[in-house]
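Asks: Curious how this folds, go ahead:
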Amino acid sequence: MNEAMTQDRVSLPLGFDVPDGWVPVEPSSVGAEGAVFVAVHRGTDAEFTPNITLSVGQRPDQAQITDIADEAVERLGRSMAALEVVRRKVIGTGIAPGVTQVLRIRTGEGQDLVQTQVLLTVPGASPAERLVLEIACTATPEAARGLGEDFRRFVGSVHVRRGTTADEGEDS
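Replies: Numbers count the residues shown, from 1 in each chain. As a prediction, the model looks like this:
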């Protein structure tokens, strides 16, 4: 996720519900090699295919969630022509804080996009085992307005499965 996080995929038994109209794709097929999950929305915009990405990284340092959110903005900004944080809100609790932020971005090709990011912490047995989930939905401004509820449902369904496997009745 950034220089302070391990770059390898982290094994974490996540469960979530993919909203209707979204199709899971192999992350590497859409240039999202660091993601553990990617879904695209078919039939929205011909100019840009909306997507939801989910990344998991270990964060053994003591960085605050707002600092981690700043790093996510900085990392994305390196590959964009322009980036503006439109809105940010701290969520969660002291033991598992999170941040939601809405970014207005312009690609190098002049495409205007909106990315909604949700960063959530998953406390570990020790502070060095803390994980951060980064969930993002990227779309054109027009499509983003219509897909916001789908993204909220997806984020609300993300959970760590404990003591079960996916074939024991819990969707992944």
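Asks: shaky segments in this protein?
Replies: For the chain, applying pLDDT under 70 flags the ranges 1-12, 44-46, 163-172.
Asks: Now do the helices in it.
Replies: 65-77, 141-157 (DSSP state H).
Asks: got the contact list for the first one?
Replies: The set of residues that contact helix 65-77 without belonging to it, under CB atoms under 8 Å, 6 or more residues apart in numbering, is 1-2, 4, 59, 63, 83, 85, 88, 90, 92, 97-99, 101, 103, 105, 115, 117, 119, 121, 132, 134. C-beta: built from backbone N, CA, C; applies to glycine.
Asks: try 10 Å this time
Replies: By CB atoms under 10 Å, 6 or more residues apart in numbering, the surrounding residues in contact with helix 65-77 are 1-5, 55, 57, 59, 61, 63-64, 83-85, 88, 90-92, 96-101, 103, 105, 115, 117-121, 132, 134, 136, 138.
Asks: just the longest one next, same as before
Replies: Here helix 141-157 makes contact (CB under 10 Å, 6+ apart) with 15-22, 37, 39, 41, 44-45, 47-50, 52, 54, 98, 100, 102, 104, 112-116, 118, 120, 133, 135-140, 171.
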